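Participant: Show me how the following folds:
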Amino acid sequence: MNVPADSVDVWIKSAKKKEYDLPERKAFLDKARIYVENKEDSVAARKLSEIAYQYWKLKDTVAYKELNHKARLWALKNRDTFLLADTHWSDGTIFKQIEVFDSAYFHFNIAYKYFEKLKRDDLAANMLYGMAFAKGRFRDYTGAEVLMFKAITKYKGVKNYKNLYSCYNHLAILQRDIHAYEKALHYHGIALNYLEMLDKKEHNRLIQFSLNNMGLVYRDQGNYQKALSCFNRVLGNVNLEKEESNHYARVLDNRAYCKLLNNDTLEVKNNMHKALGIREHNNNKNGIVLSKLHLTEFYAYAGDTLSARKYASEAQILAREVKNSRDYLKALQLLSELNPRQSGKYFKTYLNYNDSLLNVERNTVNKFTRIDFETDEYIKENERLSEHRKWLIASGVGVLSILSLIYYIRVQRIRNRNLLLEAEQQRTKEEYYQLTIKQQLKLEEEKRNERNRISAELHDGVLSDLYGIRMQLGFLNLKREEEVSKEFEDYLEELQAVENEIRNVSHRLNSDTESVIGDFNSILRSLLDDKSSIGGFKSVLQIEEGLNWEVIDEEIKLNLYRILQELLQNIVKHSKADKVIVAFGLNNEVIRMSVKDNGVGFENHKAKKGIGHKTIKSRVKRISGLSEIKSTLNKGTEVVILIPVKYS
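Facilitator: From the prediction side, this is the model:
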C-alpha cells in the first residue's frame with residue numbers, strides 16, 4: 001500500500017481532534033496502525049508507541065497494551081534505548097492517571113535510567129517529576145523533595161520555565177502538607193517568578209492555581225485576610241466559571257470555608273451549596289467529599305446538628321468509595337464529635353484506619369527503595385541477557401544446524417510431499433473459485449449479447465417484414481363492400497399495433513438500464529441469496545456507488561468472496577439470525593466490508609478458537625487487511641474487514 005510517510009502523522013493528529021466523534025478518531029488510528037504494523041524499522045516502531053498511547057486516550061486499553069508491548073519487544077530485540085524508555089514512560093503515565101503509584105514509580109524509574117543513558121535531560125527530568133509525585137502521594141516527603149530538586153537541576157539546564165514553575169509549585173504543596181508554611185510560601189514565590197517568563201495566556205491560566213494554593217497556605221496559617229485576598233483575586237475572573245468550572249467551584253468553596261473559620265458566615269452557606277452543585281454536575285467525587293465536609297462544619301457552627309451529621313455521613317461513605325484516605329479520616333473525626341454517644345466507635349475506626357494507612361505508606365516507601373535497587377538490576381540484567389543471548393544464539397545455531405540437518409534428511413521427503421499436496425489443493429480451490437467468478441461473469445455477458453441479438457433480429461427482421469406487408473396492403477386499391485372495407489382497415493390497425501409491440505419489446509431487450517449487470521455485484525447478490533435461502537433469514541446487500549469492482553485486483557475480490565462465504569456459512573450454522581446486512585464501501589483507498597446479523601451472538605474471546613475464524617484471519621492477512629469482530633450475547637454479531645485497495 002503506497003501511503004505518503006506524512007500521512008501517518010496526519011492520521012494521528014486527526015485522532016487527537018475532539019471535533020471528530022469517537023468512531024472517526026479510532027478509524028484514523030486504525031489506518032495509521034495498518035500502515036505502521038506492516039513496516040519493520042525504528043521509525044515505524046516509535047510511531048507504534050505513539051499510536052498505542054492515543055488508543056489509551058480513546059479508552060481502548062486492549063489496543064494500547066497490545067501495541068505498547070509489541071513496540072517494547074521490538075525495542076528489546078533491536079536495542080532501541082529511546083523506544084524502551086518511551087514505552088515505560090507511557091506505562092508510568094497511565095498508572096499515574098489511574099492512581100496506581102507504585103507501578104507508576106517503577107516504570108518512570110526505568111524510563112529515567114534509559115533517558116539518562118541517552119543524556120536526554122529534558123525527558124529524564126519529566127521522569128523524576130513523576131517519581132517525586134508518586135512519593136509525595138505516600139507522604140515520603142523527603143524522598144519526593146530530593147527527586148524534585150534533581151528534576152529542577154535538569155530543567156534549569158534546558159531552560160524549561162513552565163516545568164520549573166510546576167516543580168516549585170509542587171514543592172510548595174509538599175511543604176504545606178508537613179505544615180512548613182513559610183517554606184511553602186517561599187517556593188510559591190519562586191514558582192511565580194518562573195511564571196512571569198511564560199506567555200500571557202499561559203501565565204493567566206496558571207496564576208489562578210498558584211493563588212488558590214497560596215490562599216490555602218495562608219488559611220492554614222490562620223492569616224485569613226491574606227487567604228481571602230488570594231481567593232478573591234481568582235474569583236475576580238468573570239470567565240472562570242464558564243472556562244474552568246471545577247476550579248471555580250474549588251476556589252468558591254475554599255473562600256467560603258475560610259470565611260467560616262474567620263467567624264464570618266455572610267453568603268457562606270449559599271456559596272458552599274453552589275460549589276457542591278457544580279461538583280455534582282461535573283461528577284467531581286473528591287470535590288463533592290470536600291464540599292460536604294465543609295458543609296458539615298458550617299451546620300455544626302450554626303447549631304444544626306442533624307444536617308451536620310447527614311453531610312458528614314455522606315462524605316464518609318463517598319470518601320471510602322473513592323479511596324480518599326485524608327477526607328475519610330476527617331469525616332470520621334467530625335462524626336465522633338457530632339455523635340457523643342458513638343464517639344468511641346468512630347474514634348476506634350479512625351485509629352484502626354489511620355494505623356493501616358501508615359503501614360501501607362511505610363511499606364510503599366520501602367517498596368520505592370526496592371524499586372530503585374531492582375530497576376538498576378533490571379536494566380543490567382537486560383543488558384547482560386542481551387550479550388548472553390548473542391552467545392546462546394551462536395552456540396544454539398551450531399547445535400540446531402546439526403540437528404536440523406539430521407531431521408531434514410529423515411523427514412524432508414514426506415514433508416515436501418505433504419506440502420506439495422496441500423499447495424496443490426489450495427491452488428485447485430483458488431482456481432475453482434476464480435473460474436466460478438469468471439464463468440458467472442461470462443454467463444452474464446452471453447445473456448446480454450443474446451438479448452441484444454434477439455432485439456436486433458426483431459427490429460431489423462420481423463419488424464421490417466411486417467412494416468413492408470402493411471404498406472403493400474395499404475396501397476391496394478380494392479373495390480369492396482363497405483363492411484369488407486371496414487374489416488380490412490381493422491386488420492391494418494391490428495398489424496400496426498403488433499409492429500409497435502415488437503418495437504417496444506426490442507427496445508426493452510436492448511436497454512442498458514434493464515439489462516442484468518454482469519459484474520461482481522451480481523455475484524455477491526447471488527451468494528447472499530443462496531445462503532439466505534438455506535439459513536432462512538432476510539438479507540440486505542448495500543454497495544456504495546463509488547466502489548468500481550472492475551478496477552479492483554482479482555485477488556482481493558476472490559478473497560473477499562471467500563471471506564463472505566465463510567461468514568455467511570457461520571451465520572447459517574450458529575447464529576439463528578433472521579436478518580443479515582452485508583455492506584461494502586470505499587474510503588481513503590480502503591475497502592470496508594461489514595457483515596452484521598441479529599442472531600444469538602457469543603463472547604468475544606471465544607471467537608479466536610474457531611477454525612473458521614483462523615481461516616478468515618489468514619485470508620485477511622494475505623491481502624494486508626485488518627479484521628474486527630464485535631459480538632454481544634443475544635444481540636448479534638458484526639464482523640468488519642478493512643482491505644487496502646490494490647488495482648488490477
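Participant: Could you check stretch 65-85 and say which residues are buried?
Facilitator: For stretch 65-85, a neighbour-count test (16 or more other C-beta atoms under 10 Å) marks 67-68, 70-72, 74-76, 80, 82-85 as buried. Heads up, the C-betas are built off the backbone N, CA and C, glycines and all.
Participant: I'd like those laid out as a markdown table, including pLDDT and distance to Leu527.
Facilitator: Formatted as a markdown table, the entries for those read as follows, by pLDDT from 0 to 100; distance: C-beta to C-beta, whole Å:
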| residue | pLDDT | distance to Leu527 |
| --- | --- | --- |
| Leu67 | 89 | 35 |
| Asn68 | 89 | 40 |
| Lys70 | 88 | 36 |
| Ala71 | 87 | 40 |
| Arg72 | 90 | 43 |
| Trp74 | 88 | 40 |
| Ala75 | 87 | 45 |
| Leu76 | 86 | 46 |
| Asp80 | 89 | 47 |
| Phe82 | 92 | 50 |
| Leu83 | 91 | 46 |
| Leu84 | 91 | 49 |
| Ala85 | 92 | 51 |
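Participant: List just the nearest of the residues you listed to Ala577.
Facilitator: When the buried residues of stretch 65-85 are ranked by distance to Ala577 (C-beta to C-beta), Leu67 comes first, at 33.1 Å.
Participant: residues touching that closest one, list them.
Facilitator: For Leu67, the residues meeting the contact criterion (C-beta atoms under 8 Å, 6 or more residues apart in numbering) are Arg33, Leu48, Ser49, Ile51, Ala52, Tyr55.
Participant: which of those sit farthest apart?
Facilitator: Using C-beta to C-beta, the two most remote members of the contacts of Leu67 are Arg33 and Ser49, lying 11.8 Å apart.
Participant: hang on, the earlier thing: check the contacts of Leu67 against Val234 and report the nearest one.
Facilitator: Looking across the contacts of Leu67 and measuring by C-beta to C-beta, the closest to Val234 is Tyr55, at 36.5 Å.
Participant: so that closest one is in which element?
Facilitator: Element membership of Tyr55 [criterion: DSSP states H and E] is helix 42-57.
Participant: List the buried residues of that helix.
Facilitator: For helix 42-57, by 16+ other C-beta under 10 Å, it's 44-56.
Participant: can you check stretch 540-553 too?
Facilitator: Buried-residue list, stretch 540-553, by 16+ other C-beta under 10 Å: Leu541, Ile543, Leu547, Trp549, Ile552.
Participant: Let me have those in CSV, adding pLDDT and secondary structure as columns.
Facilitator: Formatted as CSV, the entries for the buried residues of stretch 540-553 read as follows, by pLDDT from 0 to 100; DSSP: H, G, I helix; E, B strand; the rest coil:
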residue, pLDDT, secondary structure
Leu541, 94, strand
Ile543, 92, strand
Leu547, 87, coil
Trp549, 87, helix
Ile552, 88, strand
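Participant: Just the pLDDT for Arg480.
Facilitator: The score at Arg480 is 56. That number is its pLDDT.
Participant: Correct me if wrong: Val582 contacts Lys538.
Facilitator: No - with contacts defined as C-beta atoms under 8 Å, Val582 does not count as touching Lys538, sitting 11.8 Å away.
Participant: Same drill for the two, tell me which one is more crowded.
Facilitator: For Val582 against Lys538, the residue with the higher neighbour count under other C-beta atoms under 10 Å is Val582, and the figures read 22 against 12.
Participant: what's near enough to touch the more buried one?
Facilitator: By C-beta under 8 Å, 6+ apart, the neighbours of Val582 are Leu524, Leu528, Ser539, Val540, Leu541, Gln542, Leu564, Met593, Ser594, Val595, Lys596.
Participant: Return the subset of those residues lying in strands.
Facilitator: The members of the contacts of Val582 that map onto strands under DSSP state E are Ser539, Val540, Leu541, Gln542, Met593, Ser594, Val595, Lys596.
Participant: Ignoring the adjacent residues along the chain, who's closest to the fifth one?
Facilitator: In other words, Met593. Ile641 (4.3 Å; C-beta to C-beta, 6 or more residues apart in numbering).
Participant: my guess is the one you found meets Ser627, correct?
Facilitator: Yes - with contact defined as C-beta under 8 Å, Ile641 reaches Ser627; the gap is 5.3 Å.
Participant: Show me the common contact partners of these two, please.
Facilitator: Val620.
Participant: Settle it for me: which of these two has more neighbours?
Facilitator: Ile641 (23 against 17).
Participant: Please report the confidence value the model assigns to the more buried one.
Facilitator: The predicted structure lists Ile641 with a pLDDT of 93.
Participant: Using the three-state scheme, assign it.
Facilitator: strand (DSSP: H, G, I helix; E, B strand; the rest coil).
Participant: For Leu403, see how far away it is.
Facilitator: Between Ile641 and Leu403 the distance, using C-beta to C-beta, to the nearest Å, works out to 41 Å.
Participant: Same question for Leu261.
Facilitator: As judged by C-beta to C-beta, Leu261 and Leu403 stand 81 Å apart.
Participant: mind listing the strands for the protein?
Facilitator: Under DSSP E, the chain gives strands at 538-543, 579-587, 590-597, 626-632, 636-644.
Participant: Gly92 is nearest to which of the ones you listed?
Facilitator: Proximity of the strands of the chain to Gly92 was assessed by C-beta to C-beta; the nearest stretch is strand 626-632, lying at 29.2 Å.
Participant: Quickly note the distance from the nearest residue to Trp74 once chain neighbours are set aside to Asp597.
Facilitator: For Trp74, ignoring the flanking residues on the chain, the nearest one in space by C-beta to C-beta, 6+ apart is Ala45 at 4.5 Å. When distance is defined by C-beta to C-beta, Ala45 is 38 Å away from Asp597.
Participant: Same check on His203?
Facilitator: Between His203 and Asp597 the computed distance is 58 Å (C-beta to C-beta).
Participant: Of these two, give the one with the bigger neighbour count.
Facilitator: Neighbours per residue, other C-beta under 10 Å: of His203 and Asp597, the larger number sits with Asp597, 27 against 14.
Participant: Now that one: closest residue in space that isn't a chain neighbour?
Facilitator: Sequence neighbours aside, Ala577 is the residue nearest to Asp597 in space, at 3.8 Å (criterion: C-beta to C-beta, 6+ apart).
Participant: tell me the phi and psi of the one you found?
Facilitator: phi -80, psi 150 (degrees, to the nearest 10).
Participant: rewinding a little: any chance of CSV for the contacts of Leu67, columns pLDDT?
Facilitator: Converted to CSV, the contacts of Leu67 look like this (pLDDT from 0 to 100):
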residue, pLDDT
Arg33, 89
Leu48, 87
Ser49, 86
Ile51, 90
Ala52, 90
Tyr55, 90
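Participant: And those residues, which is closest to Lys113?
Facilitator: Here the nearest of the contacts of Leu67 to Lys113, counting by C-beta to C-beta, is Ser49; it sits at 17.7 Å.
Participant: ok, the closest one touching His69?
Facilitator: No - under the criterion of C-beta under 8 Å, Ser49 is not in contact with His69, lying 10.4 Å apart.
Participant: got the contact list for the nearest residue to Leu240 once chain neighbours are set aside?
Facilitator: Nearest residue to Leu240, sequence neighbours excluded (C-beta to C-beta, 6+ apart): Tyr248, at 4.7 Å. The neighbours of Tyr248, taking C-beta under 8 Å, 6+ apart as the test, are Leu235, Leu240, Glu241, Ile278.
Participant: Lys154 now?
Facilitator: By C-beta under 8 Å, 6+ apart, Lys154 lies in contact with Asp121, Asp122, Ala124, Ala125, Leu128.
Participant: Show me the shaky parts of the stretch 51-200 of the chain.
Facilitator: Low-confidence segments of the stretch 51-200 of the chain, defined by pLDDT under 70, are absent.
Participant: For it, which segments are assigned as helices?
Facilitator: 61-78, 81-97, 101-117, 121-137, 141-158, 161-177, 181-195, 200-221 (DSSP state H, counting those that start in this stretch).
Participant: Kindly reformat those as TSV containing distance to Arg413.
Facilitator: Shown next, in TSV, are the helices of the stretch 51-200 of the chain (distance: least, C-beta to C-beta, whole Å):
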stretch	distance to Arg413
helix 61-78	35
helix 81-97	45
helix 101-117	51
helix 121-137	57
helix 141-158	65
helix 161-177	67
helix 181-195	76
helix 200-221	74
